[in-house]
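> coordinates only, sequence not included:
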């Protein structure tokens, strides 16, 4: 059952660079948000490449796009790899794209070597991991794993009022209910998106789990009125309330490190220089490796909202739109990754994922492991996101060996 | 020289309601932007009404429309009243229209009573006070008073590329250089557009002047990165910096009342829920009746920017895009208004105009006074703008008596 394949790091790098041309931004990043024309182009390119490597493509009703390579026994559950092709509005070339292209590179290497695995092998491009255009993030994997209803997800709209369902149809990305059962295991390769591996001089992060997180959407309604004629004491300024909450949220994060607390999106109405803001929409997210600490942070955030609402005479609408407990990955998947790294002599360390990933959603229903590689300065969700070809190749080799360890296989 | 006329509040209300049918919106407001067909209709109606009251109409080269009622000595400078007929896109029935219709009502009352004043009396409808279609606001009065060149104003275009000059010609609103010298005094009646009179239970606001103002545009650049993986201590969050500035700006305003300080517009980039904001654009405006206090407020604002920039590791770009000194109205005009209110037993108070008005432009060249009346909830620039007939009538009576006090007159 032991099989040795070597992935091709140059080919992997070439695929990443070709993919990055779709939605490329002048600043060297990528804007390829979920279900846009750019996302469709990326999906089409991925499909073509997988088919050229002997795979059959399918999509499920939420638009997860899956390449399947048959195993010797096709009734066995697949061993699945994957990540996502969608990006942030000012995203980089590697976040998500790396995991999908690494999966593709494993498929190609197996194809070239004529390996037939016992289990089928699948590579999935999850729909809308970023949540930038349609909140929440990880939509595809949440629906796949049953953590979110399909109908709820299809009804979610972007800022232009276009729904997920509408856009899935528009770009032809909606498929049929998946005919296969859940996979035997799931592996995802990803850039770390944080500064730890680089700082410690490690090539491979063996991810032991993910921190928990919760996301909020908050609308504050005040009273729009003339900025020159409305006395300060008679105002209900929604933006002043939002600013107080943003400041408090930052203090809460600082007081509970290594947890994080962030307001990422703010929309002001009417957003005119000489009109007091009558309404503000904002998002807030809170993360911590320990669920009990995260709950305390949430409580402090809610108190900050109450205080700002009271002081500014606002009407709040606060909704928690996502809550994920901290996740622990599967011991055998973790071991397979660590052993592959050590077998290849790659410096490695255990690490917690600060970001949410589709792997965190998958870990609720199947044995799951993740491979991290460093990215420059720990910077991600940014057009200057960068990673070394050698590190990406090392992560892909570890991914290949971890997958094979779970796909009991032999040479044909 | 003392003359007692009584204006007709019912007739005033009827004129306002008939005028409000021109450009009426389904929500009960008015869309009658400068130099549109609706504006032409309103100007034509105003002209007909004035002519029926014995006046001669003229227009000047920027389209200010003036009704003139001869005095006993027509070589004396006129006593002028006025305001504007143009509205915001979603404006109300009273902003501007009230001052013109109140002037008309004074003309009609003088006509009915057969009064001949010593000085001529004029009522002006200033062209484009709102600045909604063609920026800046107060265009007609700025050109009339020499604060803006005629050629510059004529060349300004709306979003469709149509110039002021083109549209003046199209609706036949352009006249000849004004044959008369500057007026002896200028009086304007206006709804307050703020909540103070209503809150204090006053019918008449005796406007002592207009506050000065300065407007700023501020861009803060930080570093966009992943909200889940970037430790709190390693962030350059532009939104956290902006929030601190917005909070400080509000505190500066509260600490310097009756001045105001407002952040009205905020644009966040990339504005994604799980990305630390890398850049924020915001506006700030500061107003105060005393220029020296406004300068101190500006200094405090600049210090708040410096502090937020330093604490969050940001790069700022701060530009002052507008600065207007405070205006003090004329002591004899103010006294005439106060005396008229007291003579009639109307509850009155001194008040500063928070908004800019044509009267502020006029005050730079002629003795000027303004009469404020309450509007419901202080709400203006809004289709629900509303005012009480009795308050409007009281303001018009005060206007009439203040004008007559400066028009040395007797019964014919």
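Arrived safely, thanks for sending. Note that the coordinates shown come from a computational prediction; the quantities given were computed from them, not determined experimentally.
> so residue A:385 is in which element?
Assigned by DSSP states H and E, residue A:385 belongs to neither a helix nor a strand.
> chain neighbours aside, what residue packs nearest to it?
Spatial nearest neighbour of residue A:385, chain neighbours left out: residue A:92 (2.3 Å); criterion: C-beta to C-beta, 6 or more residues apart in numbering or on different chains. To be clear about C-beta, it is placed using only N, CA and C from the backbone, and glycine gets the same treatment.
> ok, the one you found - contacts?
By C-beta atoms under 8 Å, 6 or more residues apart in numbering or on different chains, the contact set of residue A:92 is A:29-30, A:375, A:379-386.
> so it versus residue A:114, what's the distance?
Applying C-beta to C-beta, to the nearest Å, the value for residue A:92 to residue A:114 is 35 Å.
> repeat for residue A:292
Distance, residue A:292 to residue A:114, using C-beta to C-beta: 52 Å.
> and the residue lying farthest from the centre of chain A, helix, strand or coil?
Centroid-distance maximum for chain A: residue A:229 at 46.8 Å, with C-alpha atoms, centre = their mean. What DSSP: H, G, I helix; E, B strand; the rest coil gives for residue A:229 is coil.
> got the phi and psi for it?
Dihedral pair for residue A:229: phi -120, psi 0, per degrees, to the nearest 10.
> which SS class is residue A:258?
coil.
> how many other residues sit next to it?
Per other C-beta atoms under 10 Å in any protein chain shown, the neighbour tally for residue A:258 reads 17.
> contact partners for it?
For residue A:258, the contact set (C-beta under 8 Å, 6+ apart) comprises A:288-289, A:354, B:231.
> likewise for residue A:254?
Taking C-beta under 8 Å, 6+ apart, one finds B:232-233 in contact with residue A:254.
> now it: how far from residue B:292?
According to C-beta to C-beta, residue A:254 and residue B:292 sit 39 Å apart.
> so who does residue A:362 touch?
A:80, A:141, A:144-145, A:186, A:188, A:368.
> per-residue confidence at it?
Looking at residue A:362, its pLDDT reads 97.
> find the nearest non-adjacent residue to it, please.
residue A:186 is the one closest to residue A:362 (C-beta to C-beta, 6+ apart), at 4.3 Å.
> and the one you found, helix, strand or coil?
Here residue A:186 is strand, with the state taken from three-state DSSP.
> show me what contacts the residue farthest from the centre of chain A?
B:192-194, B:353-355, B:378, B:380.
> can you narrow those to ones near chain A?
Among those, proximity to chain A is found for B:192-194, B:353-355, B:378, B:380 (C-beta under 8 Å from any C-beta of the partner chain).
> where does pLDDT dip in the stretch 1-150 of chain A?
Scanning the stretch 1-150 of chain A for pLDDT under 70 picks out A:1-3.
> okay, helices next: where are they in the stretch 101-250 of chain A?
Taking DSSP state H, counting those that start in this stretch, the helices of the stretch 101-250 of chain A run over residues A:139-144, A:150-155, A:164-170, A:196-200, A:238-255.
> what about residue A:124, distance to chain B?
When C-beta to the nearest C-beta, to the nearest Å is applied, the distance between residue A:124 and chain B equals 21 Å.
> leaving out sequence neighbours, find the closest residue to that residue.
residue A:82 (3.5 Å).
> hang on, that neighbour is in a strand, isn't it?
Yes: per three-state DSSP, residue A:82 lies within a strand segment.
> what sits against it?
A:66, A:99-100, A:103, A:122-126, A:186, A:188, A:358.
> cool, and residue A:192?
Counted by C-beta under 8 Å, 6+ apart, residue A:192 has contacts A:198, A:205, A:351, A:372-375, A:378, B:229.
> are any of the contacts of residue A:229 buried, and which?
By neighbour count, with 16 or more other C-beta atoms under 10 Å in any protein chain shown, the contacts of residue A:229 hold B:192-194, B:353-355, B:378, B:380 as buried.
> what's the most distant pair in these?
The distance between the two most remote of the buried ones among the contacts of residue A:229 (C-beta to C-beta) is 13.2 Å, for B:353 and B:378.
> number of nearby residues for residue A:198?
Neighbour count of residue A:198, defined by other C-beta under 10 Å: 18.
> off-centre distance for the longest helix anywhere in chain A?
The helix that spans the most residues within chain A, counting by DSSP state H, is helix A:291-312. Computed by C-alpha atoms, centre = their mean, to the nearest Å, the chain-centroid distance of helix A:291-312 equals 26 Å.
> is the helix or strand that that helix is followed by anywhere near chain B?
Downstream of helix A:291-312, the first helix or strand assigned by DSSP H and E is strand A:315-324. No: for strand A:315-324, no contact with chain B is found by C-beta under 8 Å from any C-beta; the gap never falls below 9.0 Å.
> perfect, that will be all.
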